[in-house]
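S.K.: What follows is a predicted protein model with its sequence.
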Amino acid sequence: MHSNEKLLRDLFEMMSSLDTSDLDMGALFNPEGILVKSITPDISWRMVGEHTKETGVYGVHKGYGEVANLFVQVNSYLENYQMTELVSATANDDMGVTLFRSSGVDNGEPVDIEEVWVFRFRDGQISEIWDYNRIIHLQMVEDGERGRTGY
């Protein structure tokens, strides 16, 4: 296994164990923690997709401070966010990709989320992340029509 693939798998394991109901940014960005060891201080985290525009997280978030704020913003509109299943991870010296499932609660509705993150590496750390995701609502709305099916 490539060392960058191991980095992605270790990062997923750490992030999937987070309790997002009480997200402690100090602990998350602890200088000795895996997140800080995994990403460069000038990290660029790009949120893409129409729903990211609706929720205010669309665009590029740079550095630890903006990424910490991004996590707070996501946690404010998507309750109980949890990374649940790593479907695939692959990486080489320069780039990596993960495909995983996550879940949460959006406006009182449980959601299943399919996520693809594309990574760029620099000096053994993640320097860029492109975050693509599709939210799938699992419950029917009262009138029997399907809720938002993904965007």
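M.R.: Nice, thanks for sending it over.

S.K.: Quick one: the helices in the chain, in order.
M.R.: 3-16, 25-28, 34-38, 50-55, 63-77 (DSSP state H).

S.K.: List the contacts of the most centrally placed residue in the chain.
M.R.: Centroid check for the chain by C-alpha atoms, centre = their mean gives D131 as the closest residue, at 6.6 Å. Going by C-beta atoms under 8 Å, 6 or more residues apart in numbering, D131 touches 45-48, 115, 117. Using the backbone N, CA and C atoms, a C-beta is placed for each residue, glycine as well.

S.K.: same thing but at 6 Å, please
M.R.: 47, 117 (C-beta atoms under 6 Å, 6 or more residues apart in numbering).

S.K.: that older thread, what about the helices of the chain, which gets the closest to N107?
M.R.: Comparing the helices of the chain against N107 with C-beta to C-beta, the closest turns out to be helix 63-77 (8.4 Å).

S.K.: roughly how far is the closest one from the heart of the chain?
M.R.: Here the centre of helix 63-77 is set off from its chain's centre by 10 Å, with C-alpha atoms, centre = their mean, to the nearest Å.
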